[in-house]
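> fold the following and give me the result.
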Amino acid sequence: MKRFIKKASIAALAVVMLLITAIATTPAETQAHTLSPQNAFLRQVFEDAGARVDWIDGRIIVTLQGGEQTSVQLIYTLGAAYAQINSTQFQLSAPVIIVDSRAMISEDDLDILFAQPPVPSTDVEPVQGEFAATIAMTQGMAAQVMEQMGIAAMTVALVDAETGFTWTQGFGLADTQNNRPADADTLFQIGSISKPITAMAVMQLVEQELIDLDNPLVTYIPEFSILPNPRHDGSSDDITVRMLLNNTSGVPSNWMRGFYTFGSEHYQGSMNNLLGWLATRELSFVPGSMYEYANNNWALLGILVARVTGHSNYFEGFVEYTDEYIFAPLGMTRSSFEHTAAMTNVAQPHIAAGMQQPMHLVSFLSAGSVQASANDMARLMHFILGSDGAERILSEETVSYMLQNQNANLAGAAPYGLGFAFTRNADGFETVGHSGGTIHYFSNMIFSVENGLGVFISTNSSTGALGTVPVSEAILQTALMEKTGSVPLSPEESPIDPAAVPVELSGEDTAALANLLGLYSFGPFGMFDLTLEDGELVWVDSHGVPEPPLVPLSDGSFQGHTGRYLFIADGDNVSVLYIMEALGGIMASRIDAEAYLAPANSASLVGTYYFAPAFANEVPSITAIEISTFRDMLIMTMHSPSSDLIAEMLGGAVSGSPMQYDSGVWFATAFTDVATPVAFSTDAQGNSVIDFMGAQYVRR
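Model (predicted):
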């Protein structure tokens, strides 16, 4: 299978319907599911009307011919809040932006333009200077996205290494209770963007020859151990430092117990106790045999840094090292892996704007605890891109090596460097960087390395999960168009036609739809049953709730209410590429329901299990686990603030995934890239209990 797709977080499912500046025109049957205004492909609209469309220095020139002479010249400037008809300037309801190399224009503006002459405007001042169009677009987009998605605050940084250019800005309120605005110095939790910084600390020690990437971890931490897995070979002694850095170690992916806390001795205790906890767990797979994104890899790397630099307290040692050798030299004076009471101008956590929450902390520092500002992240991006004058904490050769895919020779593995992830959307737009998400904060940092551009964005609201990836990509693409005149795309073309229109299927085609029916696993997105109702394909979630029927399109794909589906048949094997505008897509496989049939006594496990804190002030990333039955399978559905919020926005429910029973052990098939053990038991009070990744959930 061609690897032109990328994985997205579960929260991104709603972006297609909510991000008004990144939505293409959808068939009439599905338009009721999107918010106005929608956008259309500018070139297509005007060329269909007989106009010529030219790109000139970041401007789109639309020339309408009238008789023997030009009658109208319409000029759009990327990101600007205005346009011009000949020499008359008028206001736009939304700026023109670039999404996957295509200019998008608000349909509201098109309606005004084609229905009646727009009202002239003389009070619109254009942004001036370098990347003026990108900045104007970002300012307009930020306001729209924050309003539509209920985001309290957002912060953005854009850098150009070739010129030393930096632009940063904060938007909205960092603290809605005290009406405190966010600015470019406001600190945000950046989640897993911490991982590249942890990798830099490790690579400093590699350059000093204190660590060898291909030495086993036990070389440096002799007491490290994980139980062998009876289903396959391999030992924790085989795990190398490199495997931790590229997520191929086989270490159980996440230890949920104590990962988040409101702050207590457990803030330090969780990281310091990780080695003891892992010693009670089994390897997930043979070390080095496959890829699985794992926070525990990065928690261990933080312990490694502290141990190699002579610290017995892993929490304090890792903070001390990174403060002195990473943040201070780079001038990131407000950033740290540790949250302290002395920190000022901190973006407070929110579920959504106006719904402020207490501050929670990430206990496993090196996996995702950094708090940083847009100004500090701009300094980090300048270093990564090799800007002149940027402090060098690693050689350029080492950074270049970190940005190379380490998993190229591992069949089926996601491309990942040493702390850097690679993404490629359905149109072939490629970036390298890292995203990050905690309970309330969502961020993204991406680069076009060959063009010297970097973008960072962060929000302080759970609803920010819906927009950080597409917004940051739109910013980077607009900057690329403004700087170079084009957006580089990979040679492979999109498997779908963005301009496809609804069609009527022939009787033969309708009959062939029966070959596509069955259960499909979308990994972390859950499982859906594809059914045929009155000659139309319908997705049914794990709760038995149907989605609107799929609409067949002229390119052979189908339009759903949240994206496009392209079915790929290879004999009896069927898969589906689920494509989301501006987000890329994921591949889902049709699964054999027989492999997931539940034993006869499984009904006793059905119910909702709620998180049971192991200590005071512990915060769950998954608040409840719902066990239900569907099609004779046992279904596991995990609830979190962000997943439940997105489901509410979509007007549906979070879909679950089938559990698998093997040799007396239940396994979860979602949330992680490999099957994860789920232990059912009964506590002293007679309550049914689930142990999942070290966290306990009790049925009530």
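
> flag the helix or strand of the chain with the lowest per-element mean pLDDT.
Least confident helix or strand, the chain: helix 15-18 with a mean of 28, by mean pLDDT, DSSP states H and E.

> the residue nearest to residue 138 when sequence neighbours are not counted: what secondary structure?
Once flanking residues are discounted, residue 138 sits nearest to residue 475: 5.4 Å by C-beta to C-beta, 6 or more residues apart in numbering. Where you see a C-beta, it was placed from the backbone N, CA and C, and this is true even at glycine. Following DSSP: H, G, I helix; E, B strand; the rest coil, we place residue 475 in the helix state.

> contact partners for residue 475?
Taking C-beta atoms under 8 Å, 6 or more residues apart in numbering, we find residue 475 in contact with 134, 137-138, 141, 156, 158, 455, 457.

> need these in TSV with pLDDT and secondary structure, can you?
Formatted as TSV, the contacts of residue 475 follow (pLDDT from 0 to 100; DSSP: H, G, I helix; E, B strand; the rest coil):
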residue	pLDDT	secondary structure
134	88	helix
137	84	helix
138	88	helix
141	84	helix
156	98	strand
158	97	strand
455	98	strand
457	98	strand
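
> out of the residues you listed, which comes closest to residue 366?
Nearest to residue 366 among the contacts of residue 475 is residue 457, at 22.4 Å by C-beta to C-beta.

> next, count neighbours for that closest one.
29 (other C-beta atoms under 10 Å).

> just checking, what packs against the longest strand along the chain?
When the chain is parsed with DSSP state E, its longest strand is strand 165-175. Applying 3 or more C-beta pairs under 8 Å, 6 or more residues apart in numbering; DSSP states H and E, one finds that strand 165-175 contacts helix 132-149, strand 153-160, strand 180-181, helix 374-385.

> average model confidence for it?
For strand 165-175, mean pLDDT is 95.

> chain center to it, what's the gap?
The chain centroid and the centroid of strand 165-175 are separated by 21 Å, computed with C-alpha atoms, centre = their mean, to the nearest Å.

> partner strands of that strand, parallel or antiparallel?
Note on strand 165-175: by DSSP bridges, its sheet partners are strand 153-160 (antiparallel), strand 180-181 (antiparallel).

> which residues touch the next helix or strand after the last one?
Heading C-terminal from strand 180-181, the first helix or strand you meet, by DSSP states H and E, is strand 188-189. Residues lying outside strand 188-189 but in contact with it, judged by C-beta under 8 Å, 6+ apart, are 153, 155, 347, 349, 362, 368-373, 436, 438, 440-441, 443, 458-460.

> buried subset of these, written for PyMOL?
Selecting just the buried residues from those in PyMOL takes one command, with 16 or more other C-beta atoms under 10 Å as the test:
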select buried, resi 153+155+347+349+362+368+369+370+371+372+373+436+438+440+441+443+458+459+460
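
> show me the contacts of strand 188-189 that map onto helices.
residue 368 (DSSP state H).

> out of the contacts of strand 188-189, which sit inside strands?
Among the contacts of strand 188-189, the ones falling in strands (DSSP E) are 153, 155, 362, 371-372, 436, 443, 458-459.

> dump the residues you listed into a markdown table; add distance to residue 571 and pLDDT as well.
Output for the ones in strands among the contacts of strand 188-189, formatted as a markdown table (distance: C-beta to C-beta, whole Å; pLDDT from 0 to 100):
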| residue | distance to residue 571 | pLDDT |
| --- | --- | --- |
| 153 | 52 | 95 |
| 155 | 50 | 98 |
| 362 | 46 | 93 |
| 371 | 52 | 97 |
| 372 | 50 | 97 |
| 436 | 41 | 94 |
| 443 | 43 | 97 |
| 458 | 46 | 97 |
| 459 | 45 | 96 |
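
> quick revisit: could you check the angle the longest strand of the chain makes with helix 132-149?
Angle of strand 165-175 versus helix 132-149, following axes from the mean of the first three to the mean of the last three C-alpha atoms, to 10 degrees, is 20 degrees.

> tell me the contacts of the closest residue to residue 596 other than its chain neighbours?
Spatially, and ignoring its direct neighbours in sequence, residue 596 is nearest to residue 658 (3.9 Å; C-beta to C-beta, 6+ apart). Contacts here follow C-beta under 8 Å, 6+ apart; on that basis residue 658 touches 519, 521, 527, 542, 591, 593, 596, 630, 633-636, 669.

> now neighbour count and secondary structure too, for those residues, in TSV please.
Below are these laid out as TSV (neighbours: other C-beta atoms under 10 Å; DSSP: H, G, I helix; E, B strand; the rest coil):
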residue	neighbour count	secondary structure
519	21	strand
521	18	strand
527	28	strand
542	25	coil
591	17	strand
593	15	helix
596	22	helix
630	20	strand
633	24	strand
634	23	strand
635	24	strand
636	28	strand
669	21	coil
